[in-house]
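Visitor: following is a predicted model, sequence given first.
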Amino acid sequence: MRTIRPVLGVLGVLGFMVTWEVVARTGVVDPKYVPPFTTTAARLVAELGEPKFWSAFGDTLLTWALGLAIATVAAIVLGAVVGLVPFLRRATHTTVEFLRPIPSVAIIPLAILLAGLSREAALVVVVYAPFWQVFIQVLYGIADVDTVAQDTARSFGLKRRQRLRHLVLPTALPYVITGFRLAASIALVLTITAELIIKNPGLGRQIDLYRSAPDVPGLYALVLVTGLLGLVVNLGTRYAERRLLHWHPSVRKEGVQ
Amino acid sequence: MPAVRRSLVSVGLAVGVPILLVLAWALATQGTQNLYFPTPGKVFDAFTSTWLTGATITKHVLPSLGRFAIGVVLSIVIGIVAGTAIGATPWLRSLLEPMLEFFRAIPPVALVPVIMLILGIDDSMKLAVIVSGSVWPVLLNTIEGVRAMDPVLTDTSRSYRIRGALAYRYFVLPAASPQIMAGVRLCLSIGLILMVISEMFAASSGLGYQILFFQRQYMIAEMWSGIVLLGIVGVAVAAIFQLVERRVLHWYHGSREVSRG
């Protein structure tokens, strides 16, 4: 089974490509709407040679990275403050529970009003949802500190700083990193969303341009690119999680099996 | 008495901060003519006059919520049915896993133009947009939940020759349900976002359309009231989910508490 698995996976991918090709070529769906896979792939390769593509790609990456960085830093700082002070945690609970489920796209109109059709407007949207994702995880992580370990640390006379370093940090870190991993993919989704609706430069806007052109193979090629980008972000953050948490039981157990 | 006082304090804390925030908002906007940040009173007026009239409820609010509900139910059903089939069949899982990972990674919004191209701009397009994004968490979590079933449970049900629908109802579904519910929670919030987005693109009705319309018309208080309404919908959906989850998974939370001691 272990050697067969990757083979089956490759077969699955090939099967998908062949199905796509056949469906388009035989006219089950109108090729005007669904161009064959080979056409799309050729278009993708051609697109990779265009400076226009790479500047859109770079814009998307920059918006994504900026948004994710702002959201993560703000969430860790605020989350640590709120999480370590029980009074604050209780006082902010309802407010957080109300603000968190507000769909991030609801604030797109507000962002456009405040910052115009710009990257700043997109950043308002890109920061909002990932911020809550990390913030909540920081709170959970800090709340999860083992009470016995806490008492032990206290009776051994560990100072506040030492307790933070040796007790709170190792407990909260897995939570924070999980939050970051989820936040990274949410931020990418919102970056593309913002570019599609706010029309700040990036892959999302390019997709919208190809839609209205209409340049159907270009549209499909760019959707493939966003999927691949998302895949790279997912795999990259998952890899980073395992590296950073190699000491953690949840990761170590997987290694043994 | 201390118990009463403690609960009074926690109610005070729970309600106090939101009230303080609204007060701060009122104070900050008092007397200013800032176009973008109207006073809470104005937003409240706009809320009652915009959203609480029969015409908007039937024209914008209910169709939106209806599309959301249908889209989410479709996603959950498709996700659970396909997920159990894939999760219970190792070769199928290996075959499909890379493709599923890829599809999940596509930002759902990027598919909006593609779906518009294929389906046009009617309700089916909006449903397809919602399902195309919110089916993944349910599907992948169901696969994972079914795959990671307790081997003792699997063996027991096999020894007793419990198969088919019976095994599905009493073993597979309960064993996977904590994972499935975690997927459903994500599915709900993604579904809500996609409902709004699909209406921002091509619609003449719905919450997303209406909010963007207000922004373009510079009806700022109305726009804010729309954002507030979406917030209320989000909170209501989260609350309903929590109720349902507590009912569906009461045995699970119970056994977790026991095992924690």
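Guide: All right, it came through fine. Residues are numbered from 1 along each chain as shown, chains lettered A, B, ... in the order given.
Visitor: ok, which stretches of the chain are helices?
Guide: Chain wasn't specified; assuming chain A. Secondary structure of chain A (DSSP state H): helices at A:4-25, A:37-48, A:51-84, A:86-99, A:108-115, A:119-143, A:147-155, A:160-163, A:169-197, A:203-212, A:216-244, A:249-256.
Visitor: sorry, should have said chain B
Guide: Going by DSSP H, chain B shows helices at B:2-29, B:40-51, B:54-56, B:62-88, B:90-105, B:111-119, B:123-147, B:151-159, B:164-167, B:173-201, B:207-216, B:220-248, B:250-260.
Visitor: any idea which of the helices of chain A scores lowest on pLDDT?
Guide: Lowest mean pLDDT of the helices of chain A: helix A:249-256, a mean of 58.
Visitor: mind checking pLDDT for the closest residue to residue A:10 other than its chain neighbours?
Guide: Closest residue to residue A:10 apart from its sequence neighbours, by CB to CB, 6 or more residues apart in numbering or on different chains: residue B:98 at 7.7 Å. Where you see a C-beta, it was placed from the backbone N, CA and C, and this is true even at glycine. Here, the pLDDT recorded for residue B:98 equals 88.
Visitor: go ahead and confirm residue B:98 touches residue A:15.
Guide: No. Assessed by CB atoms under 8 Å, residue B:98 is found out of contact with residue A:15, at 10.7 Å.
Visitor: higher neighbour count, those two?
Guide: Neighbours were counted for residue B:98 and for residue A:15 using other CB atoms under 10 Å in any protein chain shown; residue B:98 has more, 18 against 14.
Visitor: report the central residue of the chain.
Guide: Went with chain A since none was named. The residue lying closest to the centre of chain A (CA atoms, centre = their mean) is residue A:185, at 1.3 Å.
Visitor: that answer is for a different chain, and I need it for chain B
Guide: Short answer for chain B (CA atoms, centre = their mean): residue B:188, at 1.6 Å.
Visitor: who's in contact with the residue lying closest to residue A:238 once chain neighbours are set aside?
Guide: Once flanking residues are discounted, residue A:238 sits nearest to residue A:181: 6.6 Å by CB to CB, 6+ apart. Residue A:181 sits next to A:234, A:237-238, A:240-241 when contact means CB atoms under 8 Å, 6 or more residues apart in numbering or on different chains.
Visitor: try residue B:177
Guide: Counted by CB under 8 Å, 6+ apart, residue B:177 has contacts B:145, B:248-249, B:252.
Visitor: do residue A:120 as well
Guide: Going by CB under 8 Å, 6+ apart, the list of residues near residue A:120 is empty.
Visitor: again, but for residue B:109
Guide: Residue B:109 sits next to A:189, A:192-193, A:196, A:204, B:133, B:194, B:197 when contact means CB under 8 Å, 6+ apart.
Visitor: with distance to residue A:51 and neighbour count added, can I get the residues you listed in JSON lines?
Guide: Output for the contacts of residue B:109, formatted as JSON lines (distance: CB to CB, whole Å; neighbours: other CB atoms under 10 Å in any protein chain shown):
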{"residue": "A:189", "distance to residue A:51": "26", "neighbour count": "26"}
{"residue": "A:192", "distance to residue A:51": "20", "neighbour count": "29"}
{"residue": "A:193", "distance to residue A:51": "25", "neighbour count": "26"}
{"residue": "A:196", "distance to residue A:51": "22", "neighbour count": "25"}
{"residue": "A:204", "distance to residue A:51": "18", "neighbour count": "30"}
{"residue": "B:133", "distance to residue A:51": "31", "neighbour count": "26"}
{"residue": "B:194", "distance to residue A:51": "33", "neighbour count": "32"}
{"residue": "B:197", "distance to residue A:51": "30", "neighbour count": "23"}
